[in-house]
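A.B. asks: Structure, please.
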Amino acid sequence: MELWTYIGENILIELCNGQRFIGKVTNYDDEVDNESGEDSIHLDDGELLYDFDESEIKEIKVID
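C.D. replies: Residues are numbered from 1 along each chain as shown. Have a look, this model is predicted:
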């Protein structure tokens, strides 16, 4: 996945475990900068900030 392309987008993200989150992508960490060794994105849902590693993500949809 090219996670950096979602920076600034409002998205619906579905994780491999079935959980879904809606919010705005505020940042991207590449595998070199991330402790997990994976690319990840930061999602702000208006209340909390989440950090999702690429391996956790099943699907991403851009929403209006």
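A.B. asks: ok, longest strand in this protein?
C.D. replies: In the chain, assigned by DSSP state E, the strand with the most residues is strand 20-29.
A.B. asks: right, and the helix or strand after that strand?
C.D. replies: strand 40-44 (DSSP states H and E).
A.B. asks: Convert the C-alpha atoms of that next one to PDB, please.
C.D. replies: In PDB, the C-alpha atoms belonging to strand 40-44 read as follows (Å, rounded to 0.1, in the frame of the first residue of the first chain):
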ATOM      1  CA  SER A  40       2.200   3.300   9.200                       C
ATOM      2  CA  ILE A  41      -0.300   6.100   9.100                       C
ATOM      3  CA  HIS A  42      -1.800   8.300  11.900                       C
ATOM      4  CA  LEU A  43      -5.500   8.700  11.900                       C
ATOM      5  CA  ASP A  44      -7.300  11.400  13.900                       C
END
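A.B. asks: Could you list every helix and strand that it packs against?
C.D. replies: Secondary-structure packing of strand 40-44 (3 or more C-beta pairs under 8 Å, 6 or more residues apart in numbering; DSSP states H and E): strand 20-29, strand 49-53. Quick note: C-beta positions are derived from backbone N, CA and C, even for glycine.
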